[in-house]
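> What follows is a predicted protein model with its sequence.
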Amino acid sequence: MGSLRNSAAGFSVLIAFAGAAVADPGTDGFAAYSKGDFAKALAIWRPYAENGDPAAQAFLGDLFFNGQGLPQDFKQALFWFKLAAHKGSVAAQYNLGLAAELGKGEAISPTQAISWYKKAAAAGNVAAMLAIARIYRQGEGVDKDLAAAARWTENAAKTGDPHAQDELGALYRLGAGVDPDLARARQWYRKAAEQGYPPAENDLGMMYRMGAGGPVDYERAFGWLSRAADHGIAQAKFNIGAMYELGLGAAKDPVQAYRWYEAAIAAADPATRANAERALALLKARMKPPELAAAERAR
């Protein structure tokens, strides 16, 4: 099953559209931004930003932060984000938290990051809640506090966000900041999986396969893993290969196992690739010549 996936390296600034009501000029700028016409977006947003519009200020900060339509300039990004944040822009508040966490435009400051993230979280921003959880869980620059990390993750999960629900499932499975509870882990994974969140589909499938938090159910395991594999999850492709090899949830089929192990190897996941390569090598050694020939023909 997957581990916790919430890391700062995987996050970028929130486009201001997500955190503020946008007037027509902002909408036109966002349309240009979405098409990659950053120069046009800049031309639309800058006059409104200079006249004090918080949404436009946050948008302008995005452009400076990412170096879109003008040279990248973190200090200018922070200047515009702060103007917008003090006027209540949730996206700008989150972005200031991210800048402080990563040290973009100012020194790294986890405490300052948490302060800004909490402002955004108070407005219901899920990314900010998960960011606070991440900082407490990592304990870099602040006292490590797994219980606090779990509380913030649960706050995010209760909004209905599938990423947060999957994270909370992992916390209950691992006993990180909460008492281990596989039944609750399965419940949270299911909430996320039922919303079509691919990592949770794989996690839930493995809970059913292993009988973690409830009865073993190979058919349900196979079904959820298949959904995750269809959504591109490398671990799920490997797991389906193993189920075909063992005859769990589907008829034992070394040719299909071979196919799924190869699919896992082709996926962009080094750890999964290594496991699949080992599994495929062992499978090949056990396959009968006609089976191996059939697998090679199906490649």
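Here it is on my side, so go on. Residues are numbered from 1 along each chain as shown.
> list the contacts for L171?
By C-beta atoms under 8 Å, 6 or more residues apart in numbering, L171 lies in contact with 4, 149-150, 153, 177-178, 185. The C-beta positions use only the backbone N, C-alpha and C, and glycine is treated the same way.
> Next step: these restricted to helices.
When helices are assigned by DSSP state H, the members of the contacts of L171 inside them are 149-150, 153, 185.
> From the residues you listed, pick the one nearest A39.
Distances from A39 to the ones in helices among the contacts of L171, taken as C-beta to C-beta, are shortest for T153 (39.8 Å).
> for that closest one, what are its contacts?
With C-beta under 8 Å, 6+ apart, T153 has these contacts: 129-130, 133, 164, 167-168, 171, 177.
> In helices, which of those residues fall?
Using DSSP H, those in helices are 129-130, 133, 164, 167-168, 171.
> Just give the number of residues close to the residue nearest to T272 when sequence neighbours are not counted.
Using C-beta to C-beta, 6 or more residues apart in numbering and skipping residues adjacent in sequence, the residue nearest T272 is A234, 4.2 Å away. Around A234 there are 23 other residues, counting by other C-beta atoms under 10 Å.
> which one of the contacts of L171 has the most neighbours?
Ranked by the number of neighbours (other C-beta under 10 Å), those place T153 first, at 31 neighbours.
> Kindly state the pLDDT recorded for that one?
The predicted local confidence for T153 comes out at a pLDDT of 98.
> cool, Y218 as well?
In the predicted model, Y218 carries a pLDDT score of 98.
> repeat for T27
80.
> where's it relative to A77, distance?
Spatial separation of T27 from A77 under the definition C-beta to C-beta, to the nearest Å is 22 Å.
> So these two - more neighbours on which side?
Of the pair T27 and A77, A77 is the one with more neighbours under other C-beta under 10 Å, namely 25 against 13.
> Now for that one: which residues touch it?
Listed by C-beta under 8 Å, 6+ apart, the contact partners of A77 are 61-62, 64-65, 95, 99, 104-105.
> Which of those sits closest to Y33?
Closest approach to Y33 among the contacts of A77 (C-beta to C-beta): D62, at 7.9 Å.
> hang on, that closest one packs against Q68?
Yes - with contact defined as C-beta atoms under 8 Å, D62 reaches Q68; the gap is 7.5 Å.
> Have a look at the two and say which one is more surrounded.
Looking at D62 and Q68 with other C-beta under 10 Å, you find the greater number of neighbours at D62, namely 26 against 16.
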